[in-house]
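Student: this one's sequence-less:
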């Protein structure tokens, strides 16, 4: 069908508005869900790797001639390395728990903690250890929330948890 001279494309614009805007929102939502799932997976993997690393650096690592004990800073660095840059140290909160107590800190602060973990006698073979991580995920979908732009509101922020338990192996 051809348009008469002077007729405008109003129906086309209306159709794009009714179909295009929800389609763009669906596309952004799909990418945000994928990004959230990726962050959650990276956090879980990194915390599990940090716990595995800690479990093989127990009491026997402190006996001569071995020198393989690990510190909170070393374990935190191992966790950040396992994340392949997917976790910001300024946002990641870690909790190191053993029978001797627990240590909670932001990863950026944990990197400065050179105390041996787990500390004796919690480092004996068979002792349980646990590392928990919490990482905030802020979704870009929040920009569609009315009034959220520029108001400092953290709508769309979800704290992803991860936890891993092992026993000291060595």
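Tutor: Perfect, thanks for sending it. Computed from a predicted model, the values in this text were never measured in an experiment.

Student: which residues of the chain fall in helices?
Tutor: For the chain, the helices defined by DSSP state H occupy 10-55, 72-82, 107-110.

Student: For those, which has the smallest mean pLDDT value?
Tutor: Ranked by mean pLDDT, the helices of the chain end with helix 10-55 in last place, scoring a mean of 91.

Student: okay but residue 51 is in contact with residue 168, surely?
Tutor: No. The pair residue 51 / residue 168 is not scored as a contact, 10.8 Å apart, by C-beta atoms under 8 Å. Glycine gets a C-beta too; all of them are placed from N, C-alpha and C.

Student: list residues touching both of those two?
Tutor: In terms of C-beta atoms under 8 Å, 6 or more residues apart in numbering, residue 51 and residue 168 are both contacted by the residues residue 129.

Student: quick one: stretch 97-112 to chain centroid distance?
Tutor: 16 Å (C-alpha atoms, centre = their mean, to the nearest Å).

Student: what do you get for stretch 117-137?
Tutor: Using C-alpha atoms, centre = their mean, the offset of stretch 117-137 from its chain centre is 18 Å.

Student: And that stretch, what's buried?
Tutor: Within stretch 117-137, the residues scored as buried using 16 or more other C-beta atoms under 10 Å are 117-118, 122-123, 127, 129-135, 137.

Student: any idea of the mean pLDDT in it?
Tutor: For stretch 117-137, mean pLDDT rounds to 94.

Student: start the count at 99, not 1, going forward
Tutor: New numbering, starting at 99: the last item is stretch 215-235.
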